[in-house]
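> Need coordinates for the following:
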Amino acid sequence: MLSDSKIRKLKPSEKCTPSRPDKYSDQQGLQLLVRNTGTKTWISAYRFDGKQTRLTLGTYPIMSLAEARQANTEIKALLADGIDPKNKKRQDKLANIHAQKFNEYALDWLVERKRNVKPRTYQQDYNRMHKDVLPHFEGIVLKDVSFEDCRSMADEIEKRVNKDGEPPREVTRRTIDLVANVLRRAKRERIIEQNPIDDLKALYPKAKSQHMKHVDIHELPALLQAIEGYHGHDQTRLGMKFLAYSFCRTIELRMMKWAHIDFANRLWRVDIDNLKIARKHVVPLSDQMLAVLEEMKPITGHYEYVFYNTGTQQPYSEEFINNALDILGYAGKQTGHGFRHIASTNLNELGYMGDAIEKQMAHDKKSSIRAVYNHAQHLEERRKIMQVWADFLDLLRDTGEVVDFQTARQQIEKSLQSKQADSLQNADKQTLIKALLNQGITADELQEYIENSRYT
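Sure, this is the predicted structure:
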């Protein structure tokens, strides 16, 4: 028989191998295996239906000698009743699984989720789980979760209406997706037979999309003047200006990194890498956008992000532009995202290439292959569009009134041509040759032109 003092002294013998551990017997078929790693495992050896069988009980010292003997005694009692202990163990395990609470299983799913998604996605799921899911499913067994339980959770979220009486529909739908993912895993693992949340989202259809609030073109000059005179933080003032000039998404502005700015080629290579699916495109930088960035350099140039809140030590929050517009008196009239609609509408009115405008708005679906490979399409036309748009905004701001679109276009393009002519006159030969090659002229065509010019 074994004793605790004897067990503590046991070490792997010279004959001990990974496939043949040392074996020490106690009583009634209870055995202790000492493996070559030093691990000590309790085994109950018994015969059932004429077959010799072994059942692992646990490891020493986590399971003591007394506990191992008690477990072995219970196995012998099952054998006396004609019950196979192995089947009983499986049945007990299954019963424990079926008794598992939804919340326990959901938290286990969340741990797995953290390993497979980006930090931003995990944090969103974590917040929704703890705010809206776990409190609602408290005490409910996983296999007993019903369609009505899930619907009740969704209805609770819908009660959080905004000042216009509208429910947070997108939050409702995403939380339903979250619960559905947990239940899908349970179904795959055969813990439940059906996913009770199927088709629930159909009861909460997407809210009709509305354009982000924006001022009318006739109110735009006053808005631009108000932004120019903003007395808050310089970063916020410059952020509003850059957003108006670039008509980018607010999240793209907030997540812009200095490493994304290609000053030499006057490009901003948008690469939002903390979204579920990365959004990539390029934005040509107008003179005005470059001027904003130059003003930002002394403020945040030594940080990773361009618009960086030095107080909180992180990029600005989602509302920093909208809050500033509210302070300027444009609450309910203009949002940061609204600048995109203003630009899209009025660039079309100015008569520029529709495809180029759409490219600049980055309206390709995020996941489409076309979006990845064509993000620089119509780049030269887009350079022109970005400069014209910035000059158009400055014209509205400086004159304080809306200029006729065609008059404005002619005036701005004439100014652009003048600038281009001046820059060509002052450019050196290498710069001119490079510019011609960038326009698609081949080296052979350039050589032919040079040779012909000698005789003219």
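
> For the rest of this, base every contact and every neighbour count on C-alpha atoms.
Will do.

> Would you confirm that Lys257 contacts Tyr305?
Yes - at 4.2 Å, Lys257 counts as touching Tyr305 under the criterion of Cα atoms under 8 Å.

> check contacts around Ser152.
For Ser152, the contact set (Cα atoms under 8 Å, 6 or more residues apart in numbering) is empty.

> Show me what the helix or strand hosting Leu293 packs onto, helices and strands only.
Assigned by DSSP states H and E, Leu293 falls within helix 287-300. With contacts taken as 3 or more Cα pairs under 8 Å, 6 or more residues apart in numbering; DSSP states H and E, helix 287-300 sits against helix 234-246.

> do that again at 10 Å, thanks
For helix 287-300, the packing partners by 3 or more Cα pairs under 10 Å, 6 or more residues apart in numbering; DSSP states H and E come out as helix 234-246, strand 308-309, helix 379-399.

> rewinding a little: who touches both of Lys257 and Tyr305?
Contact with both Lys257 and Tyr305 is made by residues Pro315, according to Cα atoms under 10 Å, 6 or more residues apart in numbering.

> just the angle between the helix holding Leu293 and helix 234-246, please?
Going by axes from the mean of the first three to the mean of the last three Cα atoms, to 10 degrees, helix 287-300 is angled at 160 degrees with respect to helix 234-246.

> What mean pLDDT does helix 287-300 get?
Mean per-residue pLDDT for helix 287-300: 95.

> Kindly report the same for stretch 341-354.
The model assigns stretch 341-354 a mean pLDDT of 70.

> Quick check: Thr220 touching Leu395?
No Thr there; residue 220 is Leu. No - in this structure, Leu220 is not within contact of Leu395 by Cα atoms under 10 Å, at 11.0 Å.

> Tell me where the model's unsure across the chain.
Within the chain, the segments meeting pLDDT under 70 span 88-99, 208-212, 272-280, 348-378, 405, 416-446, 448-456.

> the strands in it, which residues?
Applying DSSP state E to the chain gives strands spanning 22-25, 30-34, 40-48, 51-60, 261-262, 267-272, 279-284, 308-309, 314-315.

> before we move on, the earlier item: wait, which of the helices and strands packed on helix 287-300 is closest to Ala186?
Evaluated over the helices and strands packed on helix 287-300, closeness to Ala186 peaks at strand 308-309, with 42.3 Å, by Cα to Cα.

> which residues sit against the closest one?
Contacts of strand 308-309 from elsewhere in the structure, counted by Cα under 10 Å, 6+ apart, are 235-236, 254-257, 296, 299-301, 303, 314-317.

> Widest-spaced pair of the residues you listed?
The most distant members of those, if one measures by Cα to Cα, are Gly301 and Ser317, lying 19.0 Å apart.

> Neighbour count: the two, which is higher?
Applying other Cα atoms under 10 Å to Gly301 and Ser317 shows that Gly301 carries more neighbours, namely 17 against 13.

> Check the offset of stretch 287-294 from the chain's centre.
Centroid displacement of stretch 287-294 relative to its chain, using Cα atoms, centre = their mean, to the nearest Å, is 29 Å.

> what residues does it touch?
For stretch 287-294, contacts defined as Cα under 10 Å, 6+ apart pick out 235, 237-239, 241-246, 258, 261, 263, 266-268, 284-285, 295-296, 299-301, 306-307, 386-387, 390-391, 394.

> Show the buried residues in those residues.
Among these, those classed as buried by 16 or more other Cα atoms under 10 Å are 235, 237-239, 241-246, 258, 261, 266-268, 284-285, 296, 299-301, 306-307, 386-387, 390-391, 394.

> how long is stretch 308-325 end to end?
Separation of the first and last residues of stretch 308-325 by Cα to Cα, to the nearest Å is 19 Å.

> Buried residues, that stretch. List them.
308-309, 315-316, 321-325.

> With respect to Glu381, which of these is nearest?
Distances from Glu381 to the buried residues of stretch 308-325, taken as Cα to Cα, are shortest for Ile321 (28.8 Å).

> Go ahead and confirm that closest one touches Ala331.
No - with contact defined as Cα under 10 Å, Ile321 does not count as touching Ala331 (11.3 Å).

> quick one: contacts for Val182?
Val182 is in contact with 102-103, 105-110, 142, 195, counting by Cα under 10 Å, 6+ apart.

> re the thing from before, which parts of the helix holding Leu293 are buried?
By 16+ other Cα under 10 Å, the buried positions in helix 287-300 come out as 288-290, 292-293, 296, 299-300.

> Now these in a markdown table, please, with extra columns for distance to Val161.
Converted to a markdown table, the buried residues of helix 287-300 look like this (distance: Cα to Cα, whole Å):
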| residue | distance to Val161 |
| --- | --- |
| Gln288 | 41 |
| Met289 | 38 |
| Leu290 | 42 |
| Val292 | 38 |
| Leu293 | 39 |
| Met296 | 39 |
| Ile299 | 39 |
| Thr300 | 38 |
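
> Just name the closest of those to Asp125, please.
The shortest approach to Asp125 among the buried residues of helix 287-300 belongs to Thr300, at 31.2 Å (Cα to Cα).

> quick one: contacts for the closest residue to that closest one other than its chain neighbours?
Distances taken as Cα to Cα, 6 or more residues apart in numbering put Val306 closest to Thr300, at 5.9 Å, once the chain neighbours are dropped. Listed by Cα under 10 Å, 6+ apart, the contact partners of Val306 are 235, 239, 253-261, 293, 296-297, 299-300, 315-316.
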